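>>> Structure of the sequence below:
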Amino acid sequence: MAVSDAVGGSGGRGGRGGPGAAARPWRNWAGTVTARPARSVAPASTEELAAAVRAAAADGLTVKAAGTGHSFTPAAATDGLLVRPERLTGVRAVDRAAGTVTVAAGTPLRHLNETLSAYGLSLTNMGDIMAQTVSGATSTGTHGTGRDSASLAAQITALELVTADGTVLTCSAEENPDVFAAARLGLGALGVISELTFAVEPEFLLTAREEPMRYAEVTARFDELAAENEHFEFYWFPHTGNCRTKRNNRSQGPAAPLGRVGGWLEDELLSNGAFHVACAVGRAAPAAIPRLARLAGRALSARTYTDIPYKVFTSPRRVRFVEMEYALPRAAALAALGELKALVERSDFRVSFPVEVRTAPADDIPLSTASGRDTVYIAVHMYRGTPYQAYFAATERIMTAYDGRPHWGKLHTRDAAQLGDAYPRFAEFAAVRDRLDPERRFANPYLRRVLGD
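Sure, this is the predicted structure:
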């Protein structure tokens, strides 16, 4: 629901809205965060949520809202009141004339997409998984790849926010516009989001073209490929010169979805089952990773298919990992990627996961990683349980040297002083936070590090 999908998992027994329900420890998807809230609550309405915030304030507890655990940072960790998402769900309104859908904040993206499709509607763009809650995904900056279409947060047209004293604010470009500007991507620092309104459009078809390409070719043609395709991304397999590219473009049809057998073979058997085995082998025997990477880079064949958007944008991700992602100025991205490739080649790092490269246009959200500049994202991953710190630290040095901004929901070491320099509108966000939450009801150690006290 609100702040972030950074933490999910088990809640307390009972806790269906009462402010005093016991809460057990819980962890995020990757196992990088464990928190022990004093109590938890699962409100079913905005009114129940506001009452829970007021009760926590009366007892001197901080408040954080958890999603489904698909972020890697402790943005939603708390030792106070944990607000769980499972009952604040569902589509509340569909306005075809306005081209909008209003949805409760704890609704999983999968449920939103399936409901929209039943209405013949679709989001314009989205990330590559749909397990997150809508509010967790937007509040931490979840994005896909797009020449003209931006992140999920950029598709928000209105939101409802429960603030530190239990007041419910309705926010849009016309109503509480300064709060709206900041809270679309607010890290849970401004309050708890109870509902979101997204711009939607009539459902359309996308044709996906996936094919292998050599690193030298994809980097030489990157500007061309990004300009000619509505959605372009590629994966580079470390220790090799191999990449896999994906181009998604709108199509007049007809629909030609992946066959049941072919889709299972690549998306489940190869991309999840066999890849999981390869990662486990690499963790036990790191010297085998370069050979495994060469095999992985050649295993997936070219394919083309046409389907409704969410079935093209998203894919199953069952192999657990940790991740760091940096948003770079468009002009600097290939130089940074080249340095990363050279780093892997000259080092002792053994990297079993491909490096992901995506794009986004500039947007106007103060804390968006694409705020004010056309952006290329470079994401590095390591299999869960594999030492990652040295590789991520070396990657971060490269990315920050090129004016990179870290993804808010993924691992990084930046602090408020550094991020204040990276975001021209950082002070604007801080001013809204000071006004809405002067006592830091929604703070935790992570937010203090990245936003300041």
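>>> can we go C-alpha only for contacts and neighbour counts from here?
Noted.
>>> Kindly export the helix or strand hosting V277 (C-alpha atoms) in PDB.
Element membership for V277, per DSSP states H and E: helix 275-284. Output of helix 275-284 as PDB, limited to C-alpha atoms (Å, rounded to 0.1, in the frame of the first residue of the first chain):
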ATOM      1  CA  PHE A 275      19.200 -20.400 -14.700                       C
ATOM      2  CA  HIS A 276      18.600 -21.100 -11.000                       C
ATOM      3  CA  VAL A 277      20.700 -24.300 -11.300                       C
ATOM      4  CA  ALA A 278      23.500 -22.400 -13.000                       C
ATOM      5  CA  CYS A 279      23.500 -19.700 -10.300                       C
ATOM      6  CA  ALA A 280      23.600 -22.300  -7.600                       C
ATOM      7  CA  VAL A 281      26.500 -24.000  -9.300                       C
ATOM      8  CA  GLY A 282      28.300 -20.700  -9.700                       C
ATOM      9  CA  ARG A 283      27.800 -19.900  -6.000                       C
ATOM     10  CA  ALA A 284      29.400 -23.200  -5.100                       C
END
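>>> Point out the other elements, helices or strands, that it touches.
The contact analysis (3 or more Cα pairs under 8 Å, 6 or more residues apart in numbering; DSSP states H and E) places helix 275-284 against helix 289-299.
>>> and with 6 Å instead?
Using 3 or more Cα pairs under 6 Å, 6 or more residues apart in numbering; DSSP states H and E, no helix or strand is in contact with helix 275-284.
>>> hey, where'd the helices end up in the stretch 101-250 of the chain?
Using DSSP state H, counting those that start in this stretch, the helices of the stretch 101-250 of the chain run over residues 109-118, 134-139, 177-183, 215-220, 222-228.
>>> Please identify the most buried of those.
helix 134-139 (a mean of 33; mean count of other Cα atoms under 10 Å).
>>> okay, the helices of the stretch 101-250 of the chain in JSON lines with distance to V63 next?
Formatted as JSON lines, the helices of the stretch 101-250 of the chain follow (distance: least, Cα to Cα, whole Å):
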{"stretch": "helix 109-118", "distance to V63": "23"}
{"stretch": "helix 134-139", "distance to V63": "15"}
{"stretch": "helix 177-183", "distance to V63": "16"}
{"stretch": "helix 215-220", "distance to V63": "45"}
{"stretch": "helix 222-228", "distance to V63": "41"}
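>>> Show me the one of those helices that comes nearest W26.
helix 134-139 (16.4 Å; Cα to Cα).
>>> Among the helices of the stretch 101-250 of the chain, which comes closest to A153?
Using Cα to Cα, the nearest of the helices of the stretch 101-250 of the chain to A153 is helix 134-139, at 4.8 Å.
>>> What's the mean pLDDT across the closest one?
When pLDDT is averaged along helix 134-139, the result is 97.
>>> So which elements touch the helix or strand where Q418 lies?
Element membership of Q418 [criterion: DSSP H and E] is helix 416-422. Contact analysis of helix 416-422 by 3+ Cα pairs under 6 Å, 6+ apart lists helix 445-451 as its packing neighbours.
>>> Tell me, how many residues neighbour the closest residue to R303 other than its chain neighbours?
Spatially, and ignoring its direct neighbours in sequence, R303 is nearest to E210 (5.3 Å; Cα to Cα, 6 or more residues apart in numbering). E210 has 19 neighbours, counted by other Cα atoms under 10 Å.
>>> Show me what E210 is bridged to.
Taking DSSP bridges as the rule, E210 bridges to K246, R303.
>>> For it, give me its contacts.
E210 sits next to T245, K246, A302, R303 when contact means Cα atoms under 6 Å, 6 or more residues apart in numbering.
>>> hmm, back to that, name the residues of the helix holding Q418 that are buried.
Going by neighbour count (16 or more other Cα atoms under 10 Å), the buried part of helix 416-422 is A416, L419, G420, A422.
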